[in-house]
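A.B. asks: build me a structure from this.
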Amino acid sequence: MSRESSIERHGPGEVTITRIFDAPRRRLWAAWTEPEPFARWFSTPPFTTPVSGVAMDVRVGGEWRATQVSSADGARLPFAGVYKEVTEPERLVLTFENLEDRSDPDFEFLTLTFNDLGDKTELVLRQTGHLPDDEYAFLAEGYSRFFDQLDVYLSE
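C.D. replies: Numbering: from 1, shown residues only. Predicted coordinates:
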């Protein structure tokens with residue numbers, strides 16, 4: 001079931017990942033915008049994301065949060081940001097923010113484009129920001145693993 005993701009680098013501070021999922025666009029949109037489905041795929045072992053750790057106010061200016069928890073040692077990885085653009089079911093733009101300093105202007109932008117292919121959906125994920133360049137290669141690997149988990153969720 002594992003699919004290859006197309007990964008592009010257009011320069012420092014950015015990565016674009018494209019993948020086709022065997023699911024209609026509305027179902028993929030829900031997987032990114034509803035807490036229960038999001039919690040089911042937004043992690044890779046040994047981490048899980050309890051639905052109680054996910055909050056999504058999917059509107060421009062609304063906040064999102066998700067916390068992954070390690071089954072090995074209980075370590076917590078919190079994620080959060082703000083929705084900057086919401087065009088259901090076509091496009092989401094959101095931020096990944098520094099949770100230790102929410103006023104930090106060096107946050108990451110995540111742009112998700114959901115291209116309708118009938119029973120399938122092409123997802124184009126573009127992350128831009130201020131991370132060191134080597135971290136974008138690491139992000140690409142991480143997103144590919146998340147997308148593998150998303151494939152599993154969508155096949156259920």
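A.B. asks: give me every residue that touches the residue nearest to Pro35 when sequence neighbours are not counted.
C.D. replies: Closest residue to Pro35 apart from its sequence neighbours, by C-beta to C-beta, 6 or more residues apart in numbering: Val54 at 4.0 Å. Heads up, the C-betas are built off the backbone N, CA and C, glycines and all. Contact analysis of Val54 by C-beta atoms under 8 Å, 6 or more residues apart in numbering lists Pro35, Glu36, Phe38, Ala39, Phe42, Arg65, Ala66, Thr67.
A.B. asks: helix, strand or coil for the third one?
C.D. replies: When classified by DSSP: H, G, I helix; E, B strand; the rest coil, Phe38 comes out as helix.
A.B. asks: and it, how far is that from Arg145?
C.D. replies: Distance from Phe38 to Arg145, counting by C-beta to C-beta, to the nearest Å: 16 Å.
A.B. asks: more neighbours, these two?
C.D. replies: Neighbours were counted for Phe38 and for Arg145 using other C-beta atoms under 10 Å; Phe38 has more, 21 against 14.
A.B. asks: any idea how far the more buried one lies from Thr48?
C.D. replies: Going from Phe38 to Thr48 by C-beta to C-beta gives 12 Å.
A.B. asks: quick check: next helix or strand after the helix or strand of the chain with the lowest mean pLDDT?
C.D. replies: Taking mean pLDDT, DSSP states H and E as the measure, the chain has strand 6-8 as its least confident helix or strand, at a mean of 77. Of the helices and strands lying after strand 6-8 in sequence (DSSP states H and E), the nearest is strand 14-21.
A.B. asks: if we can go back for a sec, give me the pLDDT for the residue nearest to Pro35.
C.D. replies: pLDDT, Val54: 98.
A.B. asks: ditto for Asp101
C.D. replies: Value listed for Asp101 in the pLDDT field: 58.
A.B. asks: how about the strands in this structure?
C.D. replies: Along the chain, counting by DSSP state E, strands occupy 6-8, 14-21, 47-48, 54-56, 63-70, 76-87, 91-96, 108-117, 120-128.
A.B. asks: in JSON lines, list these along with distance to Tyr153.
C.D. replies: Formatted as JSON lines, the strands of the chain follow (distance: least, C-beta to C-beta, whole Å):
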{"stretch": "strand 6-8", "distance to Tyr153": "21"}
{"stretch": "strand 14-21", "distance to Tyr153": "10"}
{"stretch": "strand 47-48", "distance to Tyr153": "13"}
{"stretch": "strand 54-56", "distance to Tyr153": "14"}
{"stretch": "strand 63-70", "distance to Tyr153": "15"}
{"stretch": "strand 76-87", "distance to Tyr153": "18"}
{"stretch": "strand 91-96", "distance to Tyr153": "18"}
{"stretch": "strand 108-117", "distance to Tyr153": "16"}
{"stretch": "strand 120-128", "distance to Tyr153": "13"}
